[in-house]
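Chemist: What follows is a predicted structure for the sequence shown.
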Amino acid sequence: MKAEAILISDWLRKNGGARRYEAGFSSTFLSIQTFLQARGITVTCFKRRYKISFGKGRPKIATWHDVLSILDDIRTSEGLEPLLQKHAA
């Protein structure tokens with residue numbers, strides 16, 4: 001076996017292969033905004049500051065990483081593959 005093939009097989013054994021996403025999924029702001037909006041969460045952006053509203057009360061000011069963490073929590077609860085590496089199984 002070549003060295004590359006050994007490295008690849010070791011990585012696959014440790015990590016379980018590459019993560020797969022459903023067709024049409026994208027990590028762009030508009031795609032994530034649409035995904036969250038379909039679940040009742042409003043995300044707006046102004047000057048790289050994100051506001052997240054869960055329907056009532058004052059919107060939460062968040063970073064992009066916070067938005068992705070909320071996205072991953074929802075995706076994992078629905079049985080979908082998370083976007084961030086730390087949420088992956």
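Modeler: Received the coordinates, thanks. Small disclaimer: the values here were computed from a predicted structure and weren't measured.
Chemist: how about the strands in the chain?
Modeler: Along the chain, the stretches classed as strands by DSSP state E are 42-46, 49-53, 60-62.
Chemist: Out of these, which one sits most buried?
Modeler: Greatest average neighbour count among these goes to strand 49-53 (a mean of 15), per mean count of other C-beta atoms under 10 Å. C-betas here are computed from N, CA, C, even on glycine.
Chemist: Give me the sheet partners of that strand and which way each runs.
Modeler: strand 42-46 (antiparallel), strand 60-62 (antiparallel) (DSSP bridges).
Chemist: Can you list the neighbours in contact with it?
Modeler: 41-45, 59-64, 66-67, 70 (C-beta atoms under 8 Å, 6 or more residues apart in numbering).
Chemist: same thing but at 6 Å, please
Modeler: Thr42, Val43, Thr44, Pro59, Lys60, Ala62, Val67 (C-beta atoms under 6 Å, 6 or more residues apart in numbering).
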